[in-house]
Structure formats: C-alpha cells, structure tokens
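> Here is my input; please provide its structure:
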Amino acid sequence: MSLFLRDYLNVVWFGLAAMLLAGLLLGIAALIRPSRPTPEKLLSYESGVDPVGLGWSQSQVRYYVFALLFVIFDVEAVFIFPWAAAIERYGTFGLVTMLAFIVLLLDGLVYAWKRGLLRWV
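Now for the predicted structure:
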C-alpha cells in the first residue's frame, strides 16, 4: 500500500474510532438516565405558550425572501472585507472589479426595493 493511501487509512480509522466512541457514550447515557415520560413532558412546547390546534401552519413567503436577502448582503460583506484589508495589493484592476461587484449588488437591492420585498408588514 502506498504512503498516500495509508494516510487516508489513518483518517478512516480515526473516523471509525470517533463514531464508536460517540455511539458507546450515547448508549451508556441511554442506559443510566431516568426515563419517566408523562403527557406534559411529551407535549410540544415553545416560548412558554401551550400549543393550540394543530402544529402545522403556513408561513408567509416574504419572511423567507427577507432572510435570503439578508444572507446575500451578509455574504457581500464577507467578500468586501478581505479586499478592503489588502486594497493596495490589487491596484486599479481590483478597484474596478470590486466596484462592478458592488454595482451588481446594489442593482439587486434596488430590484428588491422596487418589488416591495423589503417591506416587513
């Protein structure tokens, strides 16, 4: 067996050992913990309010769109920070490229604003 494959075999052995140890610890915990289920303990619970009716409800799509927009503009900050930290290394080409990136993101923001996607209510 080559040295390259032997390195992967080490990773496999450590992965198996980790899964075995995790399974062993979870099994021991399941054996020694107390288990006294009651109807109150099995009831769904969230934010201190007892559930009323079915546990299923339909959500507004705009909340998901708002969350996606947040993620998009959060990722923008992740890309802009390293560029801003090393702006002198990239020169004019880096400046033009980042300006194009920012213009595209601003175009997306204006589009979302015009469609009314940023309106919370």
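
> What are the contacting residues of stretch 29-38?
For stretch 29-38, there are no external contacting residues (CB atoms under 8 Å, 6 or more residues apart in numbering). (Each C-beta comes from the backbone N, C-alpha and C, glycine too.)

> element containing the residue nearest the centre of the chain?
The centre of the chain sits closest to Val71, judged by CA atoms, centre = their mean, with a distance of 9.4 Å. In this structure, Val71 sits in helix 61-85 according to DSSP states H and E.

> ok, residues contacting that helix?
For helix 61-85, the external contacting residues (CB under 8 Å, 6+ apart) are 90, 94, 98, 101-102, 105, 108-109, 112, 117-120.

> buried stuff in that helix?
For helix 61-85, a neighbour-count test (16 or more other CB atoms under 10 Å) marks Glu76 as buried.

> report the angle between the axes of the following helix or strand past it and helix 61-85?
Later in the chain than helix 61-85, the nearest helix or strand by DSSP H and E is helix 87-115. Here the directions of helix 87-115 and helix 61-85 differ by 160 degrees (axes from the mean of the first three to the mean of the last three CA atoms, to 10 degrees).

> who does helix 87-115 touch, helix- and strand-wise?
helix 61-85 (3 or more CB pairs under 8 Å, 6 or more residues apart in numbering; DSSP states H and E).

> what is the mean pLDDT for the helix it packs on?
When pLDDT is averaged over helix 61-85, the result is 82.

> so how far is it from its chain's centroid?
On the basis of CA atoms, centre = their mean, to the nearest Å, helix 61-85 sits 12 Å off its chain's mean C-alpha point.
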